[in-house]
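> only geometry, no sequence info:
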């Protein structure tokens, strides 16, 4: 049980669509709340998809997790509200959702290369140039901790 | 679906003879509430297809969280839903406190409620002003800013900053709110219901306002639930879900307040729900001030909040704690936490994933406007193009949290 | 000093150009370009307490073709940058740009992949306003500074090339 007390269910990605059906109808958590992904940087099944559902009857949340390399089934045909969430995960992480009606980039320009929220991609910060550090370290030097890239 | 095409002369030509006109609305537009772009396909005046295009304010905040410490991250949360900065701070702080499991003093909890509800009032004031302005009524905008300025003055007095206060942090508040400020807030609350009455006098019974919002952009309860809509929009569509009542946090279960709901789910209902919520927030603030206890506003846990400055001169341990907090930061135990709070726009929550170090693995904001905006095609398709503005205004999206 | 066709102050050409400068300086109308949080403070500046209208900015024009000032109020993302440039290009000359806030000046808190690191990378900026967001007082101060520059010579006093860093804006020429 995680720290916030929200029960968590883990399933392989192949069972994802069926589990979502069960969560919504059998377990009564019919309100879709959130979908996001975490890049675990493992060699296999790198991305952890995290779904959040809410039960209007019991006023409780339920978390569903699934690990995948790059593909997952889309739940948008059943839950129209998941449309943009899946597009966002595709845009920022690169996970493709099979069966999504309109899987395109949503946050970044259409011609953007890469998936920036992957932890292997840099933050893309510019070196910060203050006059005080310029005297000490030279022009355009990057002081540790300022604009640090997190890998 | 709306039935507003009733006002328009029915087009009796064959479907094949009609031409669809594609109109682009935004991202630079006076009425799109920020940088929202809509691709509208029109058949005469009727919107046949509406496709919102977002991402024009994508700031990479979630990635930036990973490069900052947890306290540096508070500063980023202010700027996501920029009309609800203290509410964002609160949601973030609650998630981290769930991970750490530290004890927050009573005074801090009550002040959090007070500040969150003041921010809700300020946000709904802005909603009333901008919705009226979008529909052509320019006076309410200036009147609501008079009250909003008073609220921003309180924030400036307590923190030094009008908007992005970063006042609510993991572990409590940055500093205390002086009794003089609380007394002035109390006087403001006494006057506020009369001010809300004056806005209602301008808009609620106004025939033009009603004509433009009643029956426009109707969203049924089932449609709202399917589209993951929350907040005043869901409540206007008759579903009485308010996380302050259903999943209370910060002691909301001990306060007395109502949840206003609508009956039809049109733009007018969404306006009425938010105005009623303002009145409820005034009551909540009044109760918070009445029960405000003495005490500290910071947790005693020295691994979360720094020790008071006076202690640094006396205690070596305090110096070490101070040093560790400023160099390594808060280090919550490995795990993840999500706490859903009720922001003026709906369910807001920060999903914080920690690996035990000073920087998070992942911070994701469940932004209410992101889901709410998905309802826009449902609201606008089938209606007149002139109603698109009313629909957007009634959804009250904040592009800062939609795009993050 | 205003450029005069025949070099003589008091001549009709000189008086006309001074009139032109005064007219432009007294009625700088911004285009609505509020992007993020700074837009809220820009609205506060337009509201009754701070009231930009008394400085000449009576209206915010929605169409860039009817405006002469672009206040870039907020963070400019990679997707928004071409839109910003297009709006700037659509404004007729003479036009000025105020980079309002830290994000417009230098990307502020957000030193990352998603933002243009300072709007001066794509449009020339006349006045930078620091703050996150700048208070309406700061924005009014920047507007006044801009007006002082415009009043000097509305046709050529633009885009920072005339005053070097650390040089104050000269007042009435001798």
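Nice, thanks for sending it over. Quick caveat: nothing in here was measured; it's all calculated off a predicted structure.
> the helices in chain A, which residues?
A:16-25, A:83-93, A:131-137 (DSSP state H).
> whoops, chain C was the one
C:12-26, C:37-46, C:81-90, C:101-106, C:136-152.
> Show me which residues of the last one are buried.
The one in question is helix C:136-152. The neighbour-count check on helix C:136-152 (16 or more other C-beta atoms under 10 Å in any protein chain shown) flags C:136, C:138-140, C:142-143, C:145-152 as buried. Every C-beta, even on glycine, is put in place using the N, C-alpha and C of the backbone.
> Identify whichever of the helices of chain C lies nearest to residue B:256.
When the helices of chain C are compared by C-beta to C-beta, helix C:37-46 sits nearest residue B:256, at 31.7 Å.
> now residue 92, nearest residue through space, not along the chain?
By default, I'm working from chain A. Closest residue to residue A:92 apart from its sequence neighbours, by C-beta to C-beta, 6 or more residues apart in numbering or on different chains: residue A:117 at 3.9 Å.
> my question was about chain C
Nearest one to residue C:92, counting by C-beta to C-beta, 6+ apart, is residue C:65 at 6.4 Å.
> give the contact list for the one you found.
Contacts for residue C:65 were tallied using C-beta atoms under 8 Å, 6 or more residues apart in numbering or on different chains; they are C:90, C:91, C:92.
> Just among these, which is most surrounded?
Greatest neighbour count in the contacts of residue C:65, by other C-beta atoms under 10 Å in any protein chain shown, goes to residue C:91: 21 neighbours.
> Isn't it up against residue C:63?
No: between residue C:91 and residue C:63 no contact is recorded; they are 9.5 Å apart, counting by C-beta atoms under 8 Å.
> which residues do these two both contact?
Among the neighbours of residue C:91, those also in contact with residue C:63 (C-beta under 8 Å, 6+ apart) are residue C:31.
> I'd like to know which elements the worst-scoring helix or strand of chain B on mean pLDDT is packed against.
Least confident helix or strand, chain B: helix B:309-312 with a mean of 84, by mean pLDDT, DSSP states H and E. Helices and strands touching helix B:309-312, by 3 or more C-beta pairs under 8 Å, 6 or more residues apart in numbering or on different chains; DSSP states H and E, are helix B:316-327.
> So for the helix or strand just after the helix it packs on, mean pLDDT?
Under the assignment DSSP states H and E, the closest C-terminal helix or strand after helix B:316-327 is strand B:335-343. Averaging pLDDT along strand B:335-343 gives 93.
> Would you pull up the residue in chain A closest to chain C?
Closest to chain C within chain A is residue A:124: 2.9 Å, counting by C-beta to the nearest C-beta.
> Could you tell me which ranges of the chain sit under the pLDDT cut-off?
Using chain A here. Low-confidence segments of chain A (pLDDT under 70): A:133-151.
> please go with chain B instead
B:1-17, B:32.
> likewise chain C?
Those would be C:1-10, C:153-174, if you go by pLDDT under 70 across chain C.
> which parts of it sit against chain B?
C:31-37, C:39-41, C:43-44, C:47-49, C:60, C:62, C:64, C:74-75, C:77-80, C:83, C:87, C:109-115, C:132-133, C:135 (C-beta under 8 Å from any C-beta of the partner chain).
> The residues you listed: which ones sit near chain A?
Among the residues of chain C next to chain B, chain A is touched by C:78, C:79, C:111, C:112, C:113, C:114 when using C-beta under 8 Å from any C-beta.
> mind listing what's buried in stretch B:351-370?
Of the residues in stretch B:351-370, B:351-354, B:358-370 count as buried by neighbour count, 16+ other C-beta under 10 Å.
> Is that stretch positioned near chain A?
Yes: interface with chain A: stretch B:351-370 contributes B:351, B:353, B:359, B:361, B:362, B:364, B:366, B:370 (C-beta under 8 Å from any C-beta).
> Among those residues, name the ones in helices.
Counting by DSSP H, the residues of stretch B:351-370 next to chain A contribute residue B:370 to helices.
> Which residue, other than its chain neighbours, is closest to residue B:83?
Using C-beta to C-beta, 6+ apart, the nearest residue to residue B:83 is residue B:123, at 4.4 Å.
> Ok, residue B:132 next?
Leaving aside its sequence neighbours, residue B:132 sits nearest to residue B:140 (C-beta to C-beta, 6+ apart; 4.0 Å).
> residues contacting the closest residue to chain B within chain A?
Nearest residue of chain A to chain B: residue A:81, at 2.9 Å (C-beta to the nearest C-beta). Contact analysis of residue A:81 by C-beta under 8 Å, 6+ apart lists A:32, B:226, B:227, B:228, B:229, B:371, B:374.
> beta partners for the first one?
By that I understand residue A:32. Judged by DSSP bridges, the bridge partners of residue A:32 are residue A:53.
> Give me the distance between the residue of chain C found nearest chain A and residue B:62.
Residue nearest to chain A within chain C: residue C:113 (2.9 Å; C-beta to the nearest C-beta). Between residue C:113 and residue B:62 the computed distance is 12 Å (C-beta to C-beta, to the nearest Å).
> Now rank the ones next to chain A among the residues of chain C next to chain B by neighbours and give me the top one.
For those, neighbours were counted using other C-beta under 10 Å, and residue C:114 has the most, 27 neighbours in all.
> Span of stretch B:56-64 from start to end?
Length of stretch B:56-64, first residue to last, C-alpha to C-alpha, to the nearest Å: 18 Å.
> Repeat that for stretch C:54-65.
Start-to-end span of stretch C:54-65 (C-alpha to C-alpha) is 23 Å.
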